[in-house]
Structure formats: structure tokens, C-alpha cells
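**Q** this is the structure alone, sequence omitted:
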């Protein structure tokens, strides 16, 4: 699993910061969270393969989160992508993407599967799940949680063969914690599983434009990495409330309240030139804070 911050600015790009987007790699596929202008160039610079993007998750349809989408799709088509692209977003996503495609006079040669989501599990893979949850912004806006499934332990093939348990469905049952019976003899999972090698799956939460609220606490609790917008500093909190955004201190409060292991602050107003100012304010509420530079890889 790799996590790369492709951009960290909000509203408009700056010389130092592209607009906020995040790329997550899991078992060879890439997952892209938001796609503002300039995203595909950031992907190229950081080694994120646009042809290996499995899914794009769009928080909402403000310009600084989606205007890179038509260019990215056009590049995929130009390079003859031949597998489906999955796009998830809030209510109205299908209509908005159709507008974008029409505006760009774009012809696609691969399937794009669009799903409008709001709350709960939106994708279940063999080794991971993705959940969505609503945020409080001026337009329909959602956050996302990418959760790697827990590894309960290592299946010991040699022990299973020694116990004369035939390979196949019975092995799968033992790996999922179920007892089995072979020729009248019962076997328990612990006879073939090494639970000492089990581990809890990683949890990555992405919270974009929103007023701080405990309404999404349950969804993001105990995240290994919480990526949270922090558009403003406390001295501009009235502007944050007006535009339905968070301050760095408020984002840190969210991290503290939800038991996050690491907080990554992004979506920073261009008015703030020094990342250290944002970091120092957040540290008043939470210790493990990262204010990344563009293209920085985050340790999970």
C-alpha cells in the first residue's frame, strides 16, 4: 500500500501547490481521490500510472476538485485503455460527468461506470472495502474510507496436508474461522492457522470540504491515516464558517476525537505561504500532524 499526496492547495493552484488530490496504491491498482486540474501531470511526476487507475472517488463538484477529469479520461482513451473505469461521487455525479464529456467533445473507447453514493459501503473487494459518508458543505459532498481487510493469520498448508484435509473449499472454511468435518473427524481453524502472523488492516480516511462535525466521527474513527481539509487558520474562522470549511485546529480536533494515528492536512488556502504555520496550529490539538509538500509519499 502506498499513499501519495498529489496536491495540497484549495480554490486555485499556486507555484508551490497544485490543487488537492490523493492517490492510493493497493496491490497494483491505483485509487484516485478527487481530480482537479493538473492532476495527471502530478501523477506522471510521482509515478502514479493513469492506466492502472481502478477507481476515481469525487467528493463534490466544485471546480477545484473535478476539472482534471476530462483531460485524464482523454489521455486514457488516447492510450487505448481497454478496462472499465469506476467513478463514485455524490448525487448528480452522472449528470455532471455527462456535461464535462460533452463540453470536451470527448469520445471514449472504454467503459466508464458511474455510481452515485451517499452513505455506507460502496465497494467490496476481495481484500478491501470502500465506504462513503456525507459531509457538511454548500453542495452535496462526501468523504471516503478505504479499509484493508484484517488478516487473521497465515494458513499452514503443510499442517493441513499432514492432517489429510483435502485442498479446496474446506481450506477456505478453516481460513475464515469455521470448523470442518472430514470423514467424521472434526478439525478446528487453530489446528492449521498461525494466528501470531495476523494483523489489522490499514484504514485511510479522506475528508474534504466540510464544516467540522461529529456526524462523520463513526465513519473515520481509528484511522491509521486521516487526510483532512484545513482550508483556513483560526484567525480566519469566520471565513471558514461562511464557506463551510475547517481550520487546521478544527481538523486536529477531529483527529483527536476519533483516535486517528496520523493526521495529514491538505486543501490549504493559497493565502498561507508557510506549511509550518498550519502545522503549528494543528499541534495545539493533536500531536502526529503532517502538512505535506506536493508529491510527498505518506508513511502508513
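**A** Yep, it's here. Computed from a prediction, not measured in an experiment: that's the story for all the values here.
**Q** please name the residues that touch the closest residue to residue 4 other than its chain neighbours.
**A** Spatial nearest neighbour of residue 4, chain neighbours left out: residue 23 (4.7 Å); criterion: C-beta to C-beta, 6 or more residues apart in numbering. For the C-beta atoms, the positions are set from N, CA and C on the backbone; glycine is no exception. Contacts for residue 23 were tallied using C-beta atoms under 8 Å, 6 or more residues apart in numbering; they are 3-4, 6, 30-33, 43, 46, 48.
**Q** 10 Å instead?
**A** 2-6, 30-33, 39, 42-43, 46-50, 53, 295, 297 (C-beta atoms under 10 Å, 6 or more residues apart in numbering).
**Q** can you select the buried ones from those in ChimeraX?
**A** To isolate in ChimeraX the members of the contacts of residue 23 that are buried, counting by 16 or more other C-beta atoms under 10 Å, one can use:
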select :3,4,5,6,30,31,32,33,39,42,43,46,48,50,53,295
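**Q** mind listing which of the contacts of residue 23 are in strands?
**A** 2-6, 30-33, 53, 297 (DSSP state E).
**Q** gap between the residue lying closest to residue 200 once chain neighbours are set aside and residue 98?
**A** Closest residue to residue 200 apart from its sequence neighbours, by C-beta to C-beta, 6+ apart: residue 150 at 5.3 Å. Distance of residue 150 to residue 98, given as C-beta to C-beta, to the nearest Å: 39 Å.
**Q** quick one: the closest residue to residue 199 other than its chain neighbours from residue 224, how far?
**A** Of all residues not flanking residue 199 in the chain, residue 151 sits nearest, at 5.2 Å (C-beta to C-beta, 6+ apart). Residue 151 is 14 Å from residue 224, where distance means C-beta to C-beta.
**Q** just want to know which of those two has more residues nearby.
**A** Taking other C-beta atoms under 10 Å, residue 151 and residue 224 do not tie; residue 224 has more neighbours (19 against 12).
**Q** show me what contacts the more buried one?
**A** Contact analysis of residue 224 by C-beta under 10 Å, 6+ apart lists 1, 3, 147-148, 200-205, 260-262, 299-300.
**Q** could you do residue 220 as well?
**A** Residue 220 neighbours (C-beta under 10 Å, 6+ apart): 131, 133, 143-145, 203-207, 226-228, 254-255, 257-260.
**Q** ok, now residue 206?
**A** 20, 22, 24, 31, 33-34, 57, 59, 142-146, 220, 223, 225-229, 264, 266.
**Q** what does residue 39 give?
**A** Per C-beta under 10 Å, 6+ apart, neighbours of residue 39: 6-7, 18-21, 23, 32, 48, 50, 56, 65-69, 71-72.
**Q** count the neighbours of the closest residue to residue 174 other than its chain neighbours for me.
**A** With sequence-adjacent residues excluded and distances taken as C-beta to C-beta, 6+ apart, residue 174 is closest to residue 189, at 4.8 Å. Residue 189: 18 surrounding residues under other C-beta under 10 Å.
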